[in-house]
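**Q** here is a sequence together with a model predicted from it:
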Amino acid sequence: MTTAEAKALIRPMLSDKRYHHSLCVAKEAVRLAMRFGADAEKAEFAGILHDITKEIPPEKQLQMMESFAIILTETERRSRKVWHAILGAAYLEKKCGVTDPEILSAVRWHTTGKAGMTLLEQIVFTADFISEDREYKGVEKLRHLAESDLQAAMLEGTSFTIADLASHTVLIHPDTVSLYNWLLLQRENLK
């Protein structure tokens, strides 16, 4: 699949705003991959494709996950914002012919994260947080951290996410908590 084919694949599925976001994430993922020594081509593809199922209506997302034999945990079932990542990886593999496990995994984990993320997974996760189209309080700090320390940016972003979710009294995915703990332990092991 070429970059043009990946863009053509997502274009009819996304609004102008979401399509622009996907291109911004791809651009940032390439930049981070070059900075930290990951495969820039895979980073670009994962960035373009990461939100492919984001704007499918929730009922349809559930039907599609069922058709792919995806079984959601109770937390996942109640957390619609993570569905597109779970569904996106399966959709790309089963309907679009994407076979690269690294790209599929980067799409799968770009929302919740998880302990022990690969470098490519970390790059796409971070690129989604800091892409040039993002405008929220604290994004500049994350961008600055990501210049020299990818995991420091991830820890700051994950801390922000957990605090934000807790402040709204919504479920926090266990994989996000595991990511936070793993990142903290990585920092401590460097001391």
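**A** Here it is on my side, so go on. Numbers count the residues shown, from 1 in each chain.

**Q** show me where the protein has helices.
**A** Using DSSP state H, the helices of the chain run over 3-10, 16-36, 40-49, 58-67, 74-77, 83-94, 101-108, 119-130, 139-148, 150-167, 174-190.

**Q** any weak-confidence spans in this protein?
**A** 191 (pLDDT under 70).

**Q** find the centremost residue of it, please.
**A** His110 (1.7 Å; Cα atoms, centre = their mean).

**Q** just send the helices of the chain back as TSV, with mean neighbour count too.
**A** Every C-beta, even on glycine, is put in place using the N, C-alpha and C of the backbone. Output for these, formatted as TSV (neighbours: other Cβ atoms under 10 Å):
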stretch	mean neighbour count
helix 3-10	15
helix 16-36	19
helix 40-49	24
helix 58-67	14
helix 74-77	14
helix 83-94	22
helix 101-108	22
helix 119-130	25
helix 139-148	16
helix 150-167	17
helix 174-190	15
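
**Q** Ala69 and Lys94: what is the separation?
**A** According to Cβ to Cβ, to the nearest Å, Ala69 and Lys94 sit 10 Å apart.

**Q** before we move on, what about Glu74?
**A** Glu74 is 24 Å from Lys94, by Cβ to Cβ.

**Q** what of Leu142?
**A** Distance from Leu142 to Lys94, by Cβ to Cβ: 33 Å.

**Q** and if you look at Leu62?
**A** 16 Å.

**Q** ok, now Ile70?
**A** 10 Å.

**Q** quick check: closest non-adjacent residue to Met64.
**A** Residue nearest to Met64 in three dimensions, not counting chain neighbours: Leu87, with 5.8 Å by Cβ to Cβ, 6 or more residues apart in numbering.
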